[in-house]
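Trainee: here are the coordinates; sequence isn't available:
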């Protein structure tokens, strides 16, 4: 991973680190790796989403472990120096700066640890479509609903999950949401 970190310009690496800290502080639901990767690629750097996601996981693990062990900036940098001699100098400087500025604000409560084991809802988009025909049937006129859920996984990476439903499936889906809303009103 260190060779891939070396490819990332310092400003993008700093942005990644800051977003990870914000995610760990529950200020944002996750880090949009795909969007950041696209911006890095647009700047002329060749890196893929998978490699950037691995780097984000490593940095997230680093910051959360440092918070759990209540490390000072110097202790974190010393630990990095002992464990990872191949980490680029600019990366260590960014980690030092971000941890010094924002690291102590990471909450490591039991509730936060329990929440971190499941994904978090970010956004939902839907659209209504009609399949007009196919190679097997000339005249379908089959309505469907496409739903895209934007979800942040426990590591903070935001992914889209899409699925299609028939109209009866959508009505059942909607009915269940209404039932959840009614239960929430009683709480």
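Mentor: Sure, I can see it. Every value quoted in this text rests on a predicted model; they were computed, and no experiment measured them.
Trainee: got the buried residues for stretch 36-51?
Mentor: Residues of stretch 36-51 classed as buried by neighbour count (16 or more other Cβ atoms under 10 Å): 36-37, 40, 47, 51. Where C-beta positions appear, they are placed from N, C-alpha and C, glycine not excepted.
Trainee: I'd like the residues you listed written out as TSV, with secondary structure and pLDDT added.
Mentor: Shown next, in TSV, are the buried residues of stretch 36-51 (DSSP: H, G, I helix; E, B strand; the rest coil; pLDDT from 0 to 100):
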residue	secondary structure	pLDDT
36	helix	92
37	helix	92
40	helix	93
47	coil	90
51	helix	90
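Trainee: Farthest-apart pair in these, please.
Mentor: Greatest spatial distance in the buried residues of stretch 36-51: 36 and 51, 11.9 Å, computed using Cβ to Cβ.
Trainee: Can you give me the neighbour number for residue 24?
Mentor: When neighbours are counted by other Cβ atoms under 10 Å, residue 24 registers 22.
Trainee: Give me the spatial nearest neighbour of it, chain neighbours excluded.
Mentor: Nearest residue to residue 24, sequence neighbours excluded (Cβ to Cβ, 6 or more residues apart in numbering): residue 106, at 4.9 Å.
Trainee: any idea which helix or strand of this protein has the worst average confidence?
Mentor: The weakest-scoring helix or strand in the chain, judged by mean pLDDT, DSSP states H and E, is helix 110-115 (a mean of 47).
Trainee: quick one: buried residues of the following helix or strand past that helix?
Mentor: Where DSSP states H and E defines the elements, the next helix or strand beyond helix 110-115 is strand 120-131. Across strand 120-131, burial judged by 16+ other Cβ under 10 Å covers 120, 122.
Trainee: strands paired with strand 120-131, and their directions?
Mentor: Sheet pairing of strand 120-131 (DSSP bridges) gives strand 142-152 (antiparallel).
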